[in-house]
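> Following is a predicted model, sequence given first.
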Amino acid sequence: MARFLGYTLESSITTAKEYMSTGIHEPNGSPSSSIAHQLLSGLNAAQMEAVQQMDGPLLIVAGPGSGKTRVIVHRIAYLVRVMGVNPYRICAVTFTNKAAKEMKERLVRLLGTRSEHLAAGTFHALCAQILRREGQAIGLSSDFVIYDTDDQQSLIKQAFEAEEVDPKRMPTGGVHNAISGAKSQLITPEGYASRAVSQYEQMVGRIYKRYQQLLERSQAVDFDDLLLKTYILFREHPEVLEKWQNRFQYLMVDEFQDTNVAQYGLARMLAAQHNNICVVGDPDQAIYSWRHADVRNILSFQRDFPAAKVVRLEMNYRSTPYVLKAAQAVIVANQGRIEKDLIPSKSGGEPLVITEAYNEEEEAQWVVREVDRLKRDDGYKFSDCAVLYRVNAQSRAFEEACLRYGIPYRLVGATRFYQRKEVKDILCYLRLATNPQDEVSLARVINVPPRGIGQKTVDDLIRWARSLGTSTVEALQRIETDQAAPVGKGAARSALMKFAQLLKDLTESAAKLPVLEVVDLAMQRTGYKEFLLRQETGGEERWDNLQELRGIASEFAEPPSPEGLTAFLERIALVSDTDNLDEAKDGVTLITLHQAKGLEFRAVFLVGLEEGLLPHIRSMDDPHQLEEERRLCYVGMTRAQERLYLVRAFSRHIMGGSSASLPSRFLRDIPPNLWTPPEGMQKTTLTEPRPSRRAAVVETIAGKEIANKPMLNPGDHVKHGKFGMGVVVSCLPSGSDFEVTVAFKENGVKKLLYSLAPLARV
């Protein structure tokens with residue numbers, strides 16, 4: 001049985017029987033007024049009201065920076081330590097591993113070892129554990145694997161091939177999103193097919209059905225299945241639902257504005273018996289409709305639970321009055337919201353800075369200069385600063401500017417650790433060790449490292465498996481005994497049999513060895529270390545990544561095999577980008593607005609505030625989408641603790657061309673008394689371009705002196721006295737000079753020293 005945020009669910013259930021019979025009280029055996037005073041100390045009036053509201057439905061409308069996590073954990077502690085509620089009877093769910101980890105750590109400080117009996121984690125983690133215990137009732141093996149996005153895309157492509165659908169006619173990404181959307185609304189393949197009207201929907205229905213069949217054949221689930229299958233389990237087996245309803249006397253749901261139909265349905269099911277459901281959220285921070293979240297869940301909560309008490313957390317402990325007033329001025333234009341104020345606990349602060357650059361390169365350079373000034377003059381660390389943008393493509397200019405001027409940075413959303421090839425390869429071997437039916441993992445590693453099994457042999461194996469009506473793995477295992485198998489000849493057939501034996505040995509080892517030893521065995525038996533170190537470049541670094549994986553595996557010494565390996569793989573499958581944010585590294589954070597939710601920084605640079613970018617052009621014709629874009633801007637603004645910079649470019653290439661852009665309508669919502677231009681500039685309406693500030697300057701950034709000449713940027717057209725016309729590829733620091741790489745029309749690519757090259761911008 002896998003772990004759910006640090007405790008083994010099965011052992012918790014075993015020990016809970018006698019634990020429940022005694023009740024939970026403080027050492028003196030009765031609720032303590034001093035304990036109550038301790039738990040309520042330091043809370044404001046609204047927070048205390050929320051903590052002490054025990055029974056019945058409760059809606060906590062929590063503005064940004066209002067201490068909602070503190071309220072949640074103190075409410076749980078109040079239930080346990082003052083009201084005598086058994087922690088085993090409490091469930092608290094949130095949406096990210098990072099938030100769940102923070103909640104668990106705080107509960108340990110308040111409850112000690114009693115926190116081990118709480119169910120506290122993400123929706124997906126909770127459902128995964130329920131399905132591992134109860135899923136056999138709906139035909140789901142307890143050893144199922146959880147496919148990540150890449151695995152799902154691979155399976156979608158297989159479904160396209162099986163249904164003989166040309167991916168050029170129907171993009172796989174769009175079909176994948178349609179299937180995910182259907183599952184989030186509790187629509188099965190059969191239900192989708194029955195509703196399909198257009199030819200496109202009918203085709204999606206066919207692929208959805210085939211995709212689900214492939215998942216089941218591999219004994220796998222995707223993220224959406226964790227929710228959908230749990231809902232189906234509860235609906236079709238009321239005795240299972242009743243067992244979990246009995247367990248969870250109190251249910252708390254954080255970030256409720258981000259729930260989809262399936263999550264809300266599960267919450268209502270679990271809370272139906274005791275009706276003690278507490279939801280915490282803020283409609284103004286609902287920014288995930290593209291992930292199928294439905295803001296109507298929180299907006300209609302009082303309709304669904306007429307007896308619900310509403311508590312508003314309006315005191316903000318994060319931001320200055322300038323930031324809060326500006327954010328409030330932006331968000332009040334939305335219709336779909338619950339009214340609340342943002343009341344600052346801080347005083348003073350600096351006005352917002354609103355500025356305009358000529359293009360995205362100048363925008364990035366200005367931000368980098370200001371970050372460097374904050375560090376040099378005001379004592380900020382680089383990690384105190386974050387650049388927030390609407391789309392990932394905007395990061396390019398900021399990465400280049402940081403590299404050019406020696407500013408360290410952290411790019412959130414880059415290739416995740418667990419998606420690096422060498423890490424994913426070993427994880428696929430481990431997944432096959434726990435679930436030999438995992439065909440996606442099999443296809444990935446059957447010839448990695450190379451073992452003489454070519455693609456034709458793999459294709460023959462797949463065709464033979466289909467003719468037998470069995471899985472690819474089962475067909476692989478039959479090759480040794482079936483001499484007539486039309487798969488592989490000579491060395492290729494021998495390689496297939498050795499690979500089959502390797503998988504068998506790993507499966508047997510996974511059943512009895514600790515997780516770390518299984519990881520080591522997978523690396524050793526596959527020859528993966530030698531494979532990496534034979535590579536000309538990058539082998540040592542990639543091997544270091546596998547050593548990092550070993551370190552993570554060593555944390556899973558308990559529970560024993562095979563449950564420990566299942567827990568290890570499950571934790572990895574549910575990791576998100578921001579879970580891996582290295583907070584110890586002193587670097588500027590480059591992050592999208594969507595990923596920044598839940599984070600905070602002393603200084604925030606919200607960039608790209610232009611019509612068509614923020615708000616995004618796709619939202620212009622949809623009032624609901626436009627409201628979400630406004631909420632996205634609001635979320636970005638309220639990440640700032642002390643300083644907030646709103647930046648736009650007059651001209652931008654990011655949308656596929658270069659043209660002048662209008663300032664974002666959100667800028668016009670901010671009262672003039674709340675903002676100022678950068679030092680030395682005058683306030684404008686930000687509707688006309690200023691002359692480019694790429695004029696000759698002398699300045700020092702992160703210790704590097706920039707020559708008293710115009711700067712060159714990638715994409716600039718230049719003319720050279722000898723080589724003719726060209727385009728700048730890069731312009732990077734080189735000692736006290738710059739190395740300029742130019743692609744010349746007639747003379748190819750040349751690298752030149754900026755101070756010596758006769759280059760002129762055209």
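Thanks, I have the structure now. Quick caveat: nothing in here was measured; it's all calculated off a predicted structure.
> Only C-alpha atoms from now on, for both contacts and neighbour counts.
Fine.
> On the three-state scheme, residue 731 is what?
At residue 731, secondary structure determined by DSSP: H, G, I helix; E, B strand; the rest coil is strand.
> give me the number of residues near it?
Applying other Cα atoms under 10 Å, we find 22 residues neighbouring residue 731.
> With residue 139 instead?
The burial count assigned to residue 139 is 11, neighbours taken as other Cα under 10 Å.
> roughly how far apart are it and residue 220?
When Cα to Cα, to the nearest Å is the yardstick, residue 139 and residue 220 sit 12 Å from each other.
> Pull out the buried residues from whichever strand or helix holds residue 625.
When elements are defined using DSSP states H and E, residue 625 is found to belong to helix 623-637. By neighbour count, with 16 or more other Cα atoms under 10 Å as the criterion, the buried positions of helix 623-637 are 625-637.
> Same check on stretch 375-390?
Applying a neighbour-count criterion of 16+ other Cα under 10 Å, the buried positions in stretch 375-390 are 375, 380-390.
> try stretch 108-124
Neighbour-count burial for stretch 108-124 [16+ other Cα under 10 Å]: 110-111, 114-124.
> Residues in contact with that stretch: which ones?
Contact with stretch 108-124 is made by 4-7, 12, 16, 74, 77, 81, 87-97, 100-101, 103-104, 107, 126, 223, 226-227, 263, 574, as judged by Cα atoms under 8 Å, 6 or more residues apart in numbering.
> Out of the residues you listed, which sit inside helices?
Restricting those to those inside helices, with DSSP state H as the criterion, leaves 12, 16, 74, 77, 81, 97, 100-101, 103-104, 107, 126, 223, 226-227, 263.
> Next up, the contacts around residue 441.
Each residue near residue 441 by Cα under 8 Å, 6+ apart is listed here: 428-429, 431-432.
> Could you dump these into a markdown table and include distance to residue 195 and secondary structure?
Output for the contacts of residue 441, formatted as a markdown table (distance: Cα to Cα, whole Å; DSSP: H, G, I helix; E, B strand; the rest coil):
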| residue | distance to residue 195 | secondary structure |
| --- | --- | --- |
| 428 | 36 | helix |
| 429 | 39 | helix |
| 431 | 36 | helix |
| 432 | 36 | helix |
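> Now do residue 718 against residue 400, distance only.
Residue 718 is 19 Å from residue 400, where distance means Cα to Cα.
> Also residue 483?
Residue 483 sits 59 Å away from residue 400, taking Cα to Cα as the criterion.
> the more surrounded of these two?
Using other Cα under 10 Å, the more surrounded residue of residue 483 and residue 400 is residue 400, with 20 against 9.
> could you point out where the chain is predicted with low confidence?
Segments of the chain classed as low confidence (criterion: pLDDT under 70) are 1-32, 414-417, 536-537, 557-562, 575-584, 653-659, 680-711, 733-737, 755.
> how does it look with 50?
By pLDDT under 50, the weakly predicted segments of the chain are 1-31, 655-657, 686-709.
> from the contacts of residue 441, which single one is nearest residue 244?
Nearest to residue 244 out of the contacts of residue 441 is residue 431 (Cα to Cα; 28.8 Å).
> In contact with that closest one, which residues are there?
145, 438, 441, 569.
> what does residue 607 give?
Applying Cα under 8 Å, 6+ apart to residue 607 gives the contacts 363, 387-389, 645-648.
> Out of those residues, list just those in strands.
Using DSSP state E, 387-389, 645-648 are the members of the contacts of residue 607 that sit in strands.
> possible to save these as JSON lines with distance to residue 253?
Putting the ones in strands among the contacts of residue 607 into JSON lines (distance: Cα to Cα, whole Å) gives the following:
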{"residue": "387", "distance to residue 253": "30"}
{"residue": "388", "distance to residue 253": "27"}
{"residue": "389", "distance to residue 253": "29"}
{"residue": "645", "distance to residue 253": "33"}
{"residue": "646", "distance to residue 253": "33"}
{"residue": "647", "distance to residue 253": "36"}
{"residue": "648", "distance to residue 253": "37"}
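> List just the nearest of the residues you listed to residue 666.
Distance to residue 666 across those (Cα to Cα) is lowest for residue 646, with 10.3 Å.
> How many residues are close by that closest one?
Summarising burial for residue 646: neighbours were counted as other Cα under 10 Å, giving 20.
> so who does residue 432 touch?
438, 441-442, 503, 507.
> Can you pull out the residues in contact with the helix holding residue 625?
Under the contact criterion Cα under 8 Å, 6+ apart, helix 623-637 has outside partners 64, 284-287, 323, 327-328, 330-331, 334-336, 388, 593-594, 596-597, 604, 606, 614-616, 619-620, 644, 666.
> Go again with 6 Å.
Here helix 623-637 makes contact (Cα atoms under 6 Å, 6 or more residues apart in numbering) with 284-285, 287, 327, 334, 593, 615, 619.
> between these, which has the most around it?
residue 284 (28 neighbours).
> Quickly note the distance from it to residue 196.
Relative to residue 196, residue 284 is positioned 34 Å away (criterion: Cα to Cα).
> And for residue 130?
Residue 130 sits 32 Å away from residue 196, taking Cα to Cα as the criterion.
> Good, wrapping up.
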